[in-house]
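Peer 1: no letters, just coordinates:
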């Protein structure tokens, strides 16, 4: 299948999800052999889970199917430009490439505006809508010290 055909598959997943009262987002992950290994539709309201975006759902399914937490040889096709959360998940999964259809402006016009999140990220912690406060505990580095000592660990 071509990039356009894979992207149309993601768009179709989004349309089907809207018809079932879900959010207008769909995504697929394709491995290097051209096989779809993950599908995702926005399940935020169905699952009462704000992280259940289509891209995250597709990443979860692909990782389970491939039995790996890294998708380095995979491509993500998504009906809309990924939000900041999904962007982070894409980088953590080490996906090779992303193709998307609608951009941020179309998403915003459809009622899904992520601009405020990008603005919040750029602010100082105390100026954010949700303040971020560090509490300076003496043992704050203990988890990382223990990690450094651990011989049998999976690096990621």
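Peer 2: Ah, there it is. Just so it is clear, the model here is predicted, and its values are computed rather than measured. Residues are numbered from 1 along each chain as shown.
Peer 1: shouldn't residue 29 be within a strand?
Peer 2: Yes. Per DSSP: H, G, I helix; E, B strand; the rest coil, residue 29 lies within a strand segment.
Peer 1: need the contact list for the residue lying closest to it once chain neighbours are set aside.
Peer 2: In this structure, residue 29 finds its nearest non-sequential neighbour in residue 38, 3.7 Å apart by Cβ to Cβ, 6 or more residues apart in numbering. Yep, even glycine has a C-beta here, placed from its N, CA and C like the rest. Shown in contact with residue 38 (Cβ atoms under 8 Å, 6 or more residues apart in numbering): 27, 28, 29, 57, 58, 59, 60, 61, 62, 63, 65, 74.
Peer 1: then residue 22?
Peer 2: With contact taken as Cβ under 8 Å, 6+ apart, residue 22 is in contact with 41, 42, 43, 45, 46.
Peer 1: filter the residues you listed down to the ones in helices?
Peer 2: If you go by DSSP state H, these have 45, 46 in helices.
Peer 1: immediately after the helix or strand harbouring residue 65, which helix or strand?
Peer 2: Taking DSSP states H and E as the definition, one finds residue 65 inside helix 54-66. Remark: after helix 54-66, the chain's next helix or strand is strand 75-80, criterion DSSP H and E.
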